[in-house]
Structure formats: C-alpha cells, structure tokens
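Participant: Output the structure for:
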Amino acid sequence: MRGATQVIVREDESGFFLFEQDRHAHLSGIISEAWDNRYFTGIDKRTSTGLAITHHDRGWALLDRKILLHHKTKRPLSFIDYPLRKKIAVYKQGVDEIEQVNLYSALLMSLHYTSFFRGKLDIAGCTFREEEQNRQSRLRESLAFTEKDEQALKFHYDLLQFSDNLSLYVCMNEWGAEKEREVPWFSEGFPQRFGVFHNERVKARWKSKTEVLVSPFPFSGTRLTITVPFKYIEKVTFQENDPNRIYRETSFLYHDVTFTEGG
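Facilitator: Prediction:
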C-alpha cells in the first residue's frame, strides 16, 4: 500500500463514486441549517454552530484533489485508511484556521476531532487528544463558559456529529439500498440522542434512489433536498492511466436526495 486518499469512496461493478470530504462537510452544513428552531438549544450560537459544521473538514480541501491507489488492487483508498499522522495534521490545521475566525466554532470542531481518539493508546493519537483538550480548556475560559453554556454545547456537538453522519449516510450508501444492504455504521440509526425526541435514535432508510425517510423528522418544513456532488470513474480508466490526471479531468456529477418524514 503506497498511501491512502482522503475522499469518500463507494464502489459498484464498473467503477468508483468519489465524494470529496470538504464538499461532504458543506452538505452537513446544509443539513444543520435546516434543523427546526423549535428543537434548537442555545439559539444564540446557531451561526457559530453552523460555521463549525459547514467547515469541519476544511483541512481536507486541498488534499481532496489527490488520489492514491492501492498498489495491488488499484482501488482508491478512502478517508478511513488515510495515514493517522497526516489525518491529525489536517484536523489541527482546520481547528487552527477556524479559531482565527470564531472561538466557539473552533471549540466544537476540536471536540469533534478528539472524539475519534477515545480510549486509543496510539502515541500520536494520545498526544493530539491531550493538546486539543488543552485547547478546549483555553477556549472555554476565553468564552467564560457557564453550566448553561455546557448544556447548549452538548446539543451543538451532537448536531455536528448527526449532520456529519447523515451526510455520510447519503454518500457511503448505494442510493436506494434496502436496509439490509446499507453500510452497517448507520443501519440501526444514528448514535446521537436528542432530548426533544425523548432520546430515541433518529433513523433513516431509503425509500427510493432520490428519497430518504427520516424519523423522528427534525427539519423545518416537510422535506429537505440536498444536491450531492461526486465524480464517477470506471475501474479500467483508473487502472490504465495516472489517477490524479484522470480525477482532475473528470467533471463533477450531481445527485439530488430529499429527506422526508417516515420510518
């Protein structure tokens, strides 16, 4: 294995669907912006929360344009396989940049990234976690946090992770897949729990290739449509050509997905 690419990869018989991380994060932002105000805790931080969610993968923006293949299978490797130390550098860069703009947004992003390293003993991961926890303490102090602020922060953090997960659900799953064929990560619903929904899991399932049923439904209105940008490249094309040139020359395609209420 020569390395790993950071895009989200989905494969079918003929080729690969490739979704850039930063663009996926912007979809997360659209999802969070549609969250109904009636269910939104700490409404005064709505703009800062949306900024964090929309830009939580900003560190990947330049790296998204570079594709590396497994040296044997010639399959693009996804963000899951990206080298740990390079991931950490990207995470830190993203939080550093947002901290120059909005302290609360940086706190949310830092919490999101450190959640990836709970219980892990890898030295690089532990060091990153400790450094970010120090940053979080500093940011809380600068923001003069109260107990009420902590309660709102918990909701904003859960909203970031839920929006991220719902966007990943749309990118990682075959559009229209039956429940038993879904990516296992979200087959039983999303792990975030919201008090307004009695702490039950929000669940999603495909009704068709362009519609996802969501229950309980947290968005304002009766439907939310997002447009998913992706590239599709046939396997034989990757195997016979320079992957980065092919990726650069391939145009984006767009797929609309509408969320509606239903179980």
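
Participant: Okay, now the sheet partners of the longest strand seen in the chain, with direction.
Facilitator: Counting by DSSP state E, the longest strand found in the chain is strand 223-234. Strand 223-234 pairs in its sheet with strand 15-19 (antiparallel), strand 253-261 (antiparallel), by DSSP bridges.

Participant: buried ones in the helix or strand that it is followed by?
Facilitator: Downstream of strand 223-234, the first helix or strand assigned by DSSP states H and E is helix 235-240. By 16 or more other Cβ atoms under 10 Å, the buried positions in helix 235-240 come out as 235, 238. To be clear about C-beta, it is placed using only N, CA and C from the backbone, and glycine gets the same treatment.

Participant: average pLDDT across helix 235-240?
Facilitator: For helix 235-240, mean pLDDT rounds to 80.

Participant: try stretch 155-169
Facilitator: The average pLDDT within stretch 155-169 is 97.

Participant: for the stretch 151-263 of the chain, what spans make up the strands?
Facilitator: In the stretch 151-263 of the chain, strands defined by DSSP state E, counting those that start in this stretch lie at 203-208, 211-215, 223-234, 253-261, listed in chain order.

Participant: Please identify which of the ones you listed is closest to Asp57.
Facilitator: strand 223-234 (13.8 Å; Cβ to Cβ).

Participant: Quick check: buried residues in that closest one?
Facilitator: In terms of neighbour count (16+ other Cβ under 10 Å), strand 223-234 has its buried residues at 224, 226, 228, 230-231, 233.

Participant: Next: stretch 150-168.
Facilitator: The neighbour-count check on stretch 150-168 (16+ other Cβ under 10 Å) flags 152-153, 155-168 as buried.

Participant: Just the ones of these in helices?
Facilitator: Cross-referencing the buried residues of stretch 150-168 against helices under DSSP state H gives 152-153, 155-168.

Participant: if we can go back for a sec, could the strands of the stretch 151-263 of the chain be laid out in TSV, adding distance to Tyr104?
Facilitator: Compiled in TSV, these are given as follows (distance: least, Cβ to Cβ, whole Å):
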stretch	distance to Tyr104
strand 203-208	28
strand 211-215	27
strand 223-234	25
strand 253-261	27
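
Participant: Next up, the contacts around Arg117.
Facilitator: Just to correct that, residue 117 is Phe rather than Arg. Residues in contact with Phe117, defined by Cβ atoms under 8 Å, 6 or more residues apart in numbering, are 125-126, 128-129.

Participant: er, Glu141 I mean
Facilitator: Glu141 neighbours (Cβ under 8 Å, 6+ apart): none.

Participant: how far away is it from His55?
Facilitator: The gap separating Glu141 from His55 is 23 Å, by Cβ to Cβ, to the nearest Å.

Participant: Contacts only, for Pro17.
Facilitator: One thing to correct before we go on: residue 17 is Phe, not Pro. Phe17 neighbours (Cβ under 8 Å, 6+ apart): 9-11, 171, 230-232.

Participant: Show me what the helix or strand hosting Ser110 is packed up against.
Facilitator: Element membership for Ser110 (DSSP H and E) is helix 103-114. Applying 3 or more Cβ pairs under 8 Å, 6 or more residues apart in numbering; DSSP states H and E, one finds that helix 103-114 makes contact with helix 46-54, helix 84-99, helix 123-142, helix 147-172.

Participant: Looking at those, which one is packed in the most?
Facilitator: Stretch with highest mean neighbour count among the helices and strands packed on helix 103-114: helix 46-54 (a mean of 22; mean count of other Cβ atoms under 10 Å).

Participant: Which strands and helices lie in contact with that helix?
Facilitator: If contacts are counted by 3+ Cβ pairs under 8 Å, 6+ apart, helix 46-54 sits against helix 21-33, helix 103-114, helix 147-172.

Participant: Now do the end-to-end distance for stretch 177-197.
Facilitator: The first and final residues of stretch 177-197 sit 26 Å from each other (Cα to Cα, to the nearest Å).

Participant: Same question for stretch 181-195.
Facilitator: Start and end residues of stretch 181-195 are separated by 30 Å (Cα to Cα).
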